[in-house]
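In: what's the 3D shape of this:
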Amino acid sequence: MSLIVTNATVLTMDAQRRIIQNGAVAVDGSDIVAVGTAEDIGQRFNSADTIDASRQVVMPGLINTHGHVPMVLYRGLADDLPLDQWLQNYIFPAEAKTVSPEFVRDGTRLGALEMIQSGTTTFTDMYYFEEDIARETKAAGLRAVLGQTVIQFPVADAATPQKGLERARAFIQAFKDDPLITPAVAPHAPYTLDAASLKAARALAVEHGVPMVIHVAETRDEVSTSQKERKASPVGYLHSLGVLGPGVLAAHGVWLSDADIAILKKAGVAVSHNPESNMKLASGVAPVPAYLRAGVPVGLGTDVAASNNDLDMFEAMRMASFLGKVHTLDPTVASAQTVLEMATLGGAAALGMSSSIGSLEPGKRADLIVVNMNAARQTPLYDPVSQLVYTTRGDDVRTTIVHGKVLMRDRKVLTLDEAKVLATARDWAEKIRAAVGSRK
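Out: Residues are numbered from 1 along each chain as shown. So this is what the prediction gives:
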């Protein structure tokens, strides 16, 4: 074997949801070969590289199903605003003045550093200059579904939706067979594109057999405007255009009716739930229990660090659970097991990748993390699932492995120069402040 992680509590997330005390995982190249007790794995396999994970949990890497990673450079630029004001008065103007290939490269490095350090192994992105994001993601060693954004008004990498679609096509062709990068088409939202562009984006995704990611029904105002202008909800409008179907991931999905949810289920559309961003922007509470009852695949996302304000999926799990409970006044809703599944297997299913990631099983890609359980706030440990959701933080992650490659070992990131990444991000803060100012 190329790597063995042993002497851990192994949280498999397999069909039986097995938790193996004093367990081990054997990895050969990019794949998991065996999962079992440390004694069994030790008798069957050997490796020159062994990680002793005593008194730690080994689990599938976390899957972040929605975000705009380079925008981590806008973290804290503008806060305490509703979505439309935040976007129109601060984010869109900042992007118009500062987004460039250099911006997205440096922002991706910062976001990748934060995700590696906090246990995310796969993320979904929709932004500009996506080919640069892909190259930096690969260099950092992360797995990603990356969507080239298509939007109605001129942006940094495309003056028109047609140019955006051309960029998306070129991006798909460049990365379609990459082992770490899944290219996607990312029409921004039904309110920022005309019908022809939405149809063209879906047609492009279907032509190449790649995912399509889109913002849907994030705010009540979006739904109200859609009803007034199109006589249909955002979901109903997209359905009428024929752009919903398998491979479509709807981000947010906060304001959906039962009829909308039925449309998503029938069409085979998945949803990315982003509780922190939705709370902070006061966008509302997504009907996650209704999604799950209907059988709609639901993944968990952080959204952008400019509206969250971090990329810590452990925090996203905790907030998803608490939000579900307080909104329904039912403490059994959004249980620890439920939200952990949303951050692992659920995210994999939402991305159409459940056959390769989301659980620790032979034949799947070796995407796993080692989580420390020795801190005072992690003691005592009765239930590892509960502990991971309600107690653990991103900085409890000790080791991060993607595609069989160790990206971080004992908190030392091996694929990025942490000091350089942070210094560059601080330089960008000065450039952005000079260009657009800040509410701070």
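In: what about Ile263, neighbour count?
Out: 18 (other Cβ atoms under 10 Å). All C-beta spots, glycine's among them, are computed from the backbone N, C-alpha and C.
In: isn't it up against Val235?
Out: Yes - using Cβ atoms under 8 Å, Ile263 is in contact with Val235, at 5.4 Å.
In: overlap of the contact sets of the two?
Out: By Cβ atoms under 8 Å, 6 or more residues apart in numbering, Ile263 and Val235 have these common neighbours: Leu244.
In: which residue lies nearest the spatial centre of this structure?
Out: Centrality entry for the chain: nearest residue to the mean C-alpha point is Asn64, 1.8 Å, by Cα atoms, centre = their mean.
In: next one: that one from Thr137, what distance?
Out: As for Asn64, its distance to Thr137 is 12 Å (criterion: Cβ to Cβ, to the nearest Å).
In: am I right that Ile116 sits in a helix?
Out: Yes - counting by DSSP: H, G, I helix; E, B strand; the rest coil, Ile116 is part of a helix.
In: what score does it have for pLDDT?
Out: Looking at Ile116, its pLDDT stands at 99.
In: now do the helices in the stretch 1-150 of the chain.
Out: Using DSSP state H, counting those that start in this stretch, the helices found in the stretch 1-150 of the chain span residues 38-44, 83-86, 92-98, 101-118, 130-140.
In: dump those to CSV, plus distance to Asp177 and mean neighbour count.
Out: Below are these laid out as CSV (distance: least, Cβ to Cβ, whole Å; neighbours: other Cβ atoms under 10 Å):
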stretch, distance to Asp177, mean neighbour count
helix 38-44, 32, 16
helix 83-86, 37, 16
helix 92-98, 31, 16
helix 101-118, 21, 24
helix 130-140, 13, 22
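In: closest one to Val10 among the ones you listed?
Out: helix 38-44 (9.1 Å; Cβ to Cβ).
In: what packs against that closest one?
Out: Applying 3 or more Cβ pairs under 8 Å, 6 or more residues apart in numbering; DSSP states H and E, one finds that helix 38-44 makes contact with strand 3-11, strand 19-28, strand 31-37.
In: send me that helix as PDB with only the CA atoms.
Out: Provided in PDB are the C-alpha atoms of helix 38-44 (Å, rounded to 0.1, in the frame of the first residue of the first chain):
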ATOM      1  CA  ALA A  38      -6.200  -2.000  12.800                       C
ATOM      2  CA  GLU A  39      -5.300  -5.600  13.500                       C
ATOM      3  CA  ASP A  40      -6.900  -6.900  10.300                       C
ATOM      4  CA  ILE A  41      -5.300  -4.200   8.100                       C
ATOM      5  CA  GLY A  42      -2.000  -4.600   9.800                       C
ATOM      6  CA  GLN A  43      -2.000  -8.400   9.100                       C
ATOM      7  CA  ARG A  44      -3.000  -8.000   5.400                       C
END
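In: now what about it, what contacts it?
Out: With contacts defined as Cβ under 8 Å, 6+ apart, helix 38-44 is touched by 4, 6-8, 22-26, 34.
In: swap in 6 Å and give it another go.
Out: Contacts to helix 38-44, defined as Cβ atoms under 6 Å, 6 or more residues apart in numbering, come from residues 6-7, 22, 24, 26.
In: go on, stretch 86-94?
Out: Against stretch 86-94 from outside (Cβ under 6 Å, 6+ apart): 78, 436.
In: what about the residue located most distally from the centre of the chain, distance to Asn22?
Out: Taking Cα atoms, centre = their mean, the residue of the chain most remote from its mean C-alpha position is Gln43, at 37.1 Å. As judged by Cβ to Cβ, Gln43 and Asn22 stand 14 Å apart.
In: go on, Val223?
Out: From Val223 over to Asn22 (counting by Cβ to Cβ), the distance is 51 Å.
In: and for Pro234?
Out: Remark: distance between Pro234 and Asn22 (Cβ to Cβ) = 50 Å.
In: looking at these two, which has the bigger crowd around it?
Out: Between Pro234 and Asn22, counted using other Cβ under 10 Å, the more crowded position is Pro234 (26 against 13).
In: tell me which residues touch the more buried one, please.
Out: 190, 216-217, 226.
In: can I get the helices and strands packed on helix 38-44 in TSV including distance to Phe314 and mean pLDDT?
Out: Below are the helices and strands packed on helix 38-44 laid out as TSV (distance: least, Cβ to Cβ, whole Å; pLDDT from 0 to 100):
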stretch	distance to Phe314	mean pLDDT
strand 3-11	13	98
strand 19-28	18	98
strand 31-37	22	98
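In: out of those strands, nearest to Gly301?
Out: Closest among these, using Cβ to Cβ: strand 3-11, at 21.0 Å.
In: helix or strand with the lowest mean pLDDT in the chain?
Out: Here the helix or strand of the chain ranked lowest by mean pLDDT, DSSP states H and E is helix 83-86, holding a mean of 85.
In: so where is the chain shaky, pLDDT-wise?
Out: Residues of the chain that meet the criterion pLDDT under 70 lie in 438-440.
In: mind running it again at 50?
Out: Scanning the chain for pLDDT under 50 picks out 440.
In: outline the domain layout of it.
Out: According to automatic domain parsing, the chain is divided into the following domains: 3-60+365-413, 62-350.
In: didn't Ile432 look like it was pressed against Thr98?
Out: Yes - under the criterion of Cβ atoms under 6 Å, Ile432 makes contact with Thr98 at 5.4 Å.
In: just say helix, strand or coil for Ala286.
Out: coil.
In: neighbours around it, how many?
Out: 26.
In: residues in contact with it?
Out: Ala286 neighbours (Cβ under 6 Å, 6+ apart): 253-254, 273.
In: hmm, Ser386 is touching Ala336, no?
Out: Yes - under the criterion of Cβ under 6 Å, Ser386 makes contact with Ala336 at 4.8 Å.
In: circling back to that earlier point, how near is the residue farthest from the centre of the chain to Ala366?
Out: Going from Gln43 to Ala366 by Cβ to Cβ gives 20 Å.
In: then Thr122?
Out: Distance of Thr122 to Ala366, computed by Cβ to Cβ: 13 Å.
In: for Arg393, same thing?
Out: In terms of Cβ to Cβ, Arg393 sits 24 Å off from Ala366.
In: next one: Ala156
Out: 36 Å.
In: please say which of the two ends up with more neighbours.
Out: The neighbour count for Ala156 versus Ala366, taken as other Cβ under 10 Å, is higher for Ala366 (26 against 18).
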